[in-house]
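**Student:** what shape does this take:
(one chain, ligands or ions: 2)
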Amino acid sequence: MIKILRYLKWKELVMILVILCVVVAQVYFELKLPDLMQDITRNVQTPGSPMSEIYRSGALMLLCTLASALLTLLLGYMSARISARFGQRLRLAVFNRVEDFSMEEVSRFSTASLITRSTNDVTQLQMFLVIGLQMVLRAPVIAIWALGKISAASWRWTALTGGAVACLLILILSTMSFAVPRFRKMQWLTDQLNRVARENLSGIRVVRAYNAESYQLEKFEKANMDITRNLLEAMRAMSVFPAGMTLINSGLTLGIYLVGAYLIAGAAGAAAKIAIFGEMIAFSTYAMMIVMAFMMLTILFIQLPRVMVSVRRVNEVLDTKPTIVDGTVTSSPEGRAGEIEFKNVSFKYPDAEEYVLHDISFTVRQGETVAFIGSTGSGKSTLINLVPRFYDVTEGQILIDGVDVRDYTLEALHNKIGYVPQRALLFTGTVASNIAYGDNGREKPTLEEIKKACGIAQADFVEQMEGGYDAHVAQGGTNFSGGQRQRLSIARAIARKPEIYIFDDAFSALDYKTDRALRAALRREMKGATCLIVAQRIGTIRDADKIVVLDEGRLVGIGTHDELMESCPVYQEIAYSQLSKEELGQ
Ligand SMILES: Nc1ncnc2c1ncn2[C@@H]1O[C@H](COP(=O)(O)OP(=O)(O)OP(=O)(O)O)[C@@H](O)[C@H]1O
Ligand SMILES: [Mg+2]
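**Tutor:** Ligands and ions are numbered 1, 2, ... in the order given. Have a look, this model is predicted:
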């Protein structure tokens, strides 16, 4: 809890101090009321006391109430301001940290949980801060001050109030011990609910096509039911609370009056009786204030377990150091650009037992095009994802221009690379904003360059579209066809003008004609750039300088098409399954 408060600025800490002063002033005005009330009672009961006295006390009471109301307003304003800013800063910190996470951390937390953590959990904290600032300071100030005021009165009354507070504490502790574990579970259940809802929405087409609505509904209902049951259990325990509170309050008032009656009966003379009566009225108001103060604290305490869970969850994110750490090298050695060397690279996914890649070594010279082929699941994507460090190698080394990729700063490394993922992904915005996406350490591409990139990527359809380069792109690019999306994401890589291109199966959604035209244009335009291509089709990679054949994570062949047709059975098998012998020229 304390740790998270470092996200408060010193200005806000000063504001909290001001809040403390405001609370004290406010309590002062509030505690003035019973005193004035006591005066009025005494005046009313004393024959012959002037009316003006009563008016005066009444007017003072009104003023005190007004002052207290104004201060409450100020208090509300300041605490809302502090907590809103705090929430904003915390959300930003969480978002920033999550941006630095590698795939490993993201999958460890799960996307759903990361979303709840940066939204719901931060909101919990923020809400708590608003109430907390107003109540946590107020309650003890009131309690102590009021206690001071009444300690001079009869010890019997004080004892009664003490008893009532003790009862209240017992009530609080017993309900809390039941409710706290349930509140604790709440955030975890919210994650689950979020996960199911997210999965359902992002997979809506498949859900529809497979008539899986009822299956999804069942899953959602289960998550929903779990959260409801948990909340109900907690709330049921909490419902004892107001009833108990009323009982304690009424009991206390009754007790005070009973004791008062007893004292008044025992007092000698009318004046003494009236004095005791006035004291009693004042006392019961003070006593009620003390009980209320404790109750307010309780409201806070009820929230506390849930908030503590949120704090822990937010802290977990903030404290997680990304496993992919930045290096220090900002540029390649002079005169080298786009050389890649894999040195005995082995890799297994975090938390997995089995290695996905085994002892892979090869080199790519500047300007070469190297293709990767192999059956589904043979590790092609895994292999090339190691170059931009989506994961780090488990054993071995990957060198770019003779420098280990782990030694480059991530920014410098990513500036070298134009990456086209296996599943083309676009972002909300326009076609142009998607192609000019990101930052490559140089100037943003101009419209001319964007057009050129689209031309190379065979994305001519943009010109015919309504709105052209300003056409709207929906989240994930869902308003484009699979092939269009792929071409746009290729254009995005081209507009970046990188030294190294990585195409992960980026040509598979294209028809043969476009595939060929695109490759021809690429070869023309990106002379000097190194190119790693994962492909399924022999046709796509036939003229690559080098082809790497993968089988179950092992490198089983490397060479040109013709060499591999001679020497590599796995390659031959793939080739024969796709092309006839005549096409292969044999
Ligand atoms: N994030 C991950 N966590 C754990 N295992 C993974 C992960 N991603 C992939 N794998 C495993 O790694 C192996 C290789 O996957 P990879 O995606 O590299 O195959 P691929 O050759 O690209 O296949 P495809 O041609 O279908 O794209 C698979 O057996 C897969 O189960
Ligand atoms: Mg793949």
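
**Student:** and the residue of the stretch 401-550 of the chain closest to ligand 2?
**Tutor:** Per CB to the ion, residue 422 is where the stretch 401-550 of the chain lies closest to ligand 2, at 4.8 Å. Using the backbone N, CA and C atoms, a C-beta is placed for each residue, glycine as well.

**Student:** quick one: secondary structure of that residue?
**Tutor:** For residue 422, the reduced secondary structure class is coil; criterion used: DSSP: H, G, I helix; E, B strand; the rest coil.

**Student:** pretty sure it is touching residue 502, no?
**Tutor:** No. At 10.6 Å, residue 422 and residue 502 do not qualify as touching, with contact defined as CB atoms under 8 Å.

**Student:** between those two, who's got more neighbours?
**Tutor:** In terms of neighbours (other CB atoms under 10 Å), residue 502 is the more surrounded of residue 422 and residue 502; the figures are 22 against 16.

**Student:** was I right about that one contacting residue 532?
**Tutor:** Yes. Contact criterion CB under 8 Å: residue 502 and residue 532 qualify, at 4.9 Å.

**Student:** mutual contacts of these two, please.
**Tutor:** In terms of CB atoms under 8 Å, 6 or more residues apart in numbering, residue 502 and residue 532 are both contacted by the residues 384, 387.

**Student:** who in the chain is up against ligand 1?
**Tutor:** The interface of the chain toward ligand 1, taken as CB under 6 Å from any ligand atom, is made up of 349, 352, 356, 374, 376-382, 422, 505.

**Student:** try 8 Å
**Tutor:** Counting by CB under 8 Å from any ligand atom, the positions of the chain adjacent to ligand 1 are 103, 107, 349-352, 356, 374-383, 385, 422, 504-505, 534, 536, 550, 553.

**Student:** got the domain ranges for this protein?
**Tutor:** Each structural domain of the chain that the record assigns through automatic domain parsing is listed here as a residue range: 9-319, 340-371+389-545, 549-586.

**Student:** where does the protein get nearest to ligand 2, which residue?
**Tutor:** The shortest separation between the chain and ligand 2 is 3.0 Å, found at residue 381 (distances taken as CB to the ion).

**Student:** tell me how many other residues crowd that residue.
**Tutor:** Neighbours of residue 381 under the rule other CB under 10 Å: 16.

**Student:** quick one: mean pLDDT for stretch 222-229?
**Tutor:** When pLDDT is averaged along stretch 222-229, the result is 93.

**Student:** let's have the chain start at 36 instead
**Tutor:** Yep, numbering from 36; the last one is stretch 257-264 now.

**Student:** list the buried residues in it.
**Tutor:** For stretch 257-264, a neighbour-count test (16 or more other CB atoms under 10 Å) marks 258, 259, 262 as buried.

**Student:** pull the contacting residues for the second one.
**Tutor:** Contacts of residue 259 were listed using CB under 8 Å, 6+ apart, and they are residue 228.

**Student:** give me every residue that touches the residue of the chain closest to ligand 2.
**Tutor:** In this structure, residue 416 makes contact with 457, 539, 540, 569, judged by CB under 8 Å, 6+ apart.

**Student:** select from those residues the one having the most neighbours.
**Tutor:** residue 569 (25 neighbours).

**Student:** picking up where we left off before, so the residue of the chain closest to ligand 2 versus residue 584, what's the distance?
**Tutor:** Summarising the geometry, the distance separating residue 416 from residue 584, computed by CB to CB, to the nearest Å, is 15 Å.

**Student:** average pLDDT for the helix or strand residue 149 falls within?
**Tutor:** Under DSSP states H and E, the secondary-structure element containing residue 149 is helix 146-151. For helix 146-151, mean pLDDT rounds to 88.

**Student:** check which residues of whichever strand or helix holds residue 46 are buried.
**Tutor:** When elements are defined using DSSP H and E, residue 46 is found to belong to helix 45-80. With burial defined by 16+ other CB under 10 Å, the residues of helix 45-80 counted as buried are 47, 50-51, 54, 57-58, 60-62, 64-78.
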